[in-house]
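Asks: this one's sequence-less:
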């Protein structure tokens, strides 16, 4: 599957989830969801989607922003602010959204979640004081929301900010000794936990450009060893994004993506954010390491090496 | 969704409850403390059914049908009902199928509920560790089974929720957000795995319900629930959701550092019942664990259900005939001092 057909296919699948007013639903025929809309904008941008629709979607996303800058799963659940980083990326390069984007950035920079000093006899091995970002207010920092926030802040020019640098440190601290990441625990009661492809892909994408390859070599090996067996969109999408960020595209990526798309016969139509991740991962492979998640960013057109 | 009633529970008085009531009276007499209302409730009784099932190729549907009938579940009761089975799918690892509820136990339950007149049966889960629910669904082997049986699987992590007031009030959470799908079903069945747990001592049908809380609102892991207290959250979820039935897969359980890193333990049982604390207390006794030493069970006692041996009418096999001590790890605080003596 070439990048042109993938774009066409991705656009068609995504447009079926676009509601008349420009938002995206979680599934075809479903209702508006903030995270689906933000992911939809990112994927449709990468697929060269209609500028008019994208503009409309970005503005609808602005309506969901709370006064302090956050975006939540929905307004009745203000603690679930993890879509904020997605919105920052979705608003990238849109002049009319820049004020909203700045407020979202400020919210992320001012928000830390729950952290505490690690006691010597703590069951968990990681440094619980290092700040990244949580999924939900007043909880601990975990891998994927931290990786997403790092990408969003780096894309908007905050890559050297103390919060981003600490988050990079936090992600490295959560790397499993034998390679890979899971949701964010390393050893508990002395036992090393299992890595997960989606968390590993997200962390690798978040760290690309900020750390030396040697520091993540085991994780790259782990993910390369896993990618052939991945059949589901979140795992495969993040794995391709993570590997692409380190210029390690698997030669059979197109086949893997086609197989994953075909699996919708088995699982039913994919949830929008999962489909978007798959589309973005696939395009990252096609684009020789340029991560579509960031192509609408300040790094557009620049070789990845310049960010390292 | 219908709410669970106290049907299937009877009134009786245990020595423990007499002591509690006496203690409560003493405290009230001194006017020092307010005693929780549950201490004044008459003690509950429940029934559980234990079946010996040596392996997963056994006629599990037949065993579960028999067990449910023994527990008084009739065709009339299930006629036309929409049943949601909630397995324990956490994560997958090579060589560790004992992490998750076995797919063939799900298949057996689906068949049993349909035989007993259910209109539809669906399976739904929202894993706490993995964002990619479909990967766990696939890698656990459940996708093969449900695809073949044409049974729908729902990913609870991404379903828009509805709020209910927290009926347990054990945590600071004012409301709990459940998947909207639950408003479209009649029975929620917790289909847990027989496992030890490094934070709670044991994870059974009550703890399994962590997986119904959507990741959209609670994150991965569902750290909101950890932050307000795992044991308290278990009680709040169960008190608010009021699940209808439990089936625990103890054909091969997990001992030691559960719920993920422990070792497989061949037990050869299925345990079921309408009342989740009673089912979990029976499971604990089978595992050689004192349910009164498992904090959330001790606190659920005679509130969400009975956990005393005399308050649980045991159908099927006796506990003694299947009891086998699960390994407990001395260095894990939640597993210290919980051995049944």
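Replies: Arrived safely. Only a predicted model underlies this, so the values are computations on that prediction, with no experimental measurement involved.
Asks: all strands of chain A, in order?
Replies: A:187-188, A:191-192 (DSSP state E).
Asks: Please identify the deepest-packed of these.
Replies: Among those, strand A:187-188 has the highest mean neighbour count (mean count of other Cβ atoms under 10 Å in any protein chain shown), at a mean of 17. For the C-beta atoms, the positions are set from N, CA and C on the backbone; glycine is no exception.
Asks: and that strand, what's its mean pLDDT?
Replies: If you average the pLDDT over strand A:187-188, you get 97.
Asks: for stretch B:279-295, same thing?
Replies: So the average pLDDT for stretch B:279-295 ends up being 98.
Asks: That stretch: end-to-end distance?
Replies: 16 Å (Cα to Cα, to the nearest Å).
Asks: can you list the residues of the stretch 51-200 of chain B near chain A?
Replies: Counting by Cβ under 8 Å from any Cβ of the partner chain, the stretch 51-200 of chain B comes close to chain A at B:91, B:93, B:129-132, B:134-135, B:137-138, B:143, B:147, B:153, B:155, B:158, B:160-161, B:163, B:177, B:198.
Asks: Please work out how many residues are found near the residue of the stretch 101-250 of chain A at minimum distance from chain B.
Replies: Of all residues in the stretch 101-250 of chain A, residue A:135 sits closest to chain B, at 3.1 Å by Cβ to the nearest Cβ. Counted with other Cβ atoms under 10 Å in any protein chain shown, residues neighbouring residue A:135 total 31.
Asks: contacting residues for it?
Replies: A:80, A:82, A:142, A:144, A:145, B:215, B:218, B:219, B:220, B:223 (Cβ atoms under 8 Å, 6 or more residues apart in numbering or on different chains).
Asks: could you dump the strands of chain A to a markdown table with distance to residue A:167?
Replies: Formatted as a markdown table, these follow (distance: least, Cβ to Cβ, whole Å):
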| stretch | distance to residue A:167 |
| --- | --- |
| strand A:187-188 | 21 |
| strand A:191-192 | 23 |
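Asks: still on that earlier bit, make CSV from the contacts of residue A:135 and add neighbour count to it.
Replies: Converted to CSV, these look like this (neighbours: other Cβ atoms under 10 Å in any protein chain shown):
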residue, neighbour count
A:80, 26
A:82, 27
A:142, 27
A:144, 27
A:145, 28
B:215, 26
B:218, 28
B:219, 30
B:220, 28
B:223, 23
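Asks: Which members of those residues are positioned in helices?
Replies: A:144, A:145, B:215, B:218, B:223 (DSSP state H).
Asks: With pLDDT added, can I get the residues you listed in TSV?
Replies: As requested, these are exported to TSV (pLDDT from 0 to 100):
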residue	pLDDT
A:144	98
A:145	98
B:215	98
B:218	98
B:223	96
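Asks: can you name the two of those that are farthest apart?
Replies: A:144 and B:218 (14.1 Å; Cβ to Cβ).
Asks: pLDDT-wise, which helix or strand of the chain ranks last?
Replies: You didn't pick a chain, so chain A it is. helix A:292-295 (a mean of 55; mean pLDDT, DSSP states H and E).
Asks: For the contacts of residue A:135, could you give me CSV that also reports distance to residue A:167?
Replies: Shown next, in CSV, are the contacts of residue A:135 (distance: Cβ to Cβ, whole Å):
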residue, distance to residue A:167
A:80, 19
A:82, 14
A:142, 11
A:144, 12
A:145, 10
B:215, 21
B:218, 22
B:219, 17
B:220, 17
B:223, 17
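Asks: and of the residues you listed, the nearest to residue A:207?
Replies: Taking the contacts of residue A:135 together and measuring to residue A:207 by Cβ to Cβ, the closest member is residue A:144, at 12.8 Å.
Asks: I'd like to know how far that closest one sits from residue A:201.
Replies: 9 Å (Cβ to Cβ, to the nearest Å).
Asks: and which of the contacts of residue A:135 is nearest to residue B:62?
Replies: residue B:215 (35.9 Å).
Asks: The closest one contacts residue B:224, correct?
Replies: No - counting by Cβ atoms under 8 Å, residue B:215 does not reach residue B:224; the two are 10.2 Å apart.
Asks: Read off the pLDDT value for residue 22.
Replies: By default, I'm working from chain A. Here, the pLDDT recorded for residue A:22 equals 87.
Asks: Wait, chain B was what I had in mind.
Replies: pLDDT for residue B:22: 46.
Asks: Repeat that for the one 5 residues further on.
Replies: What the model reports as pLDDT for residue B:27 is 42.
Asks: next one: the one 5 residues further on
Replies: If you check residue B:32, the pLDDT there is 48.
Asks: Other residues contacting stretch B:133-153?
Replies: Under Cβ under 8 Å, 6+ apart, the answer for stretch B:133-153 is A:197-198, A:230-235, A:266-267, A:274, B:87, B:89-92, B:97, B:100, B:103-104, B:106-107, B:110, B:121-127, B:130, B:155-158.
Asks: And it, what's buried?
Replies: B:133-143, B:145-146, B:151, B:153 (16 or more other Cβ atoms under 10 Å in any protein chain shown).
Asks: ends of it, how far apart?
Replies: 10 Å.
Asks: quick one: contacts for the residue of chain B found nearest chain A?
Replies: Ranked by Cβ to the nearest Cβ, the top residue of chain B for proximity to chain A is residue B:219, at 3.1 Å. Contact analysis of residue B:219 by Cβ under 8 Å, 6+ apart lists A:80, A:82, A:134, A:135, A:136, A:139, A:142.
Asks: residue boundaries of the helices in chain A?
Replies: For chain A, the helices defined by DSSP H occupy A:3-15, A:34-46, A:51-63, A:83-90, A:98-110, A:143-155, A:162-173, A:197-207, A:217-226, A:233-245, A:253-262, A:264-267, A:272-286, A:292-295.
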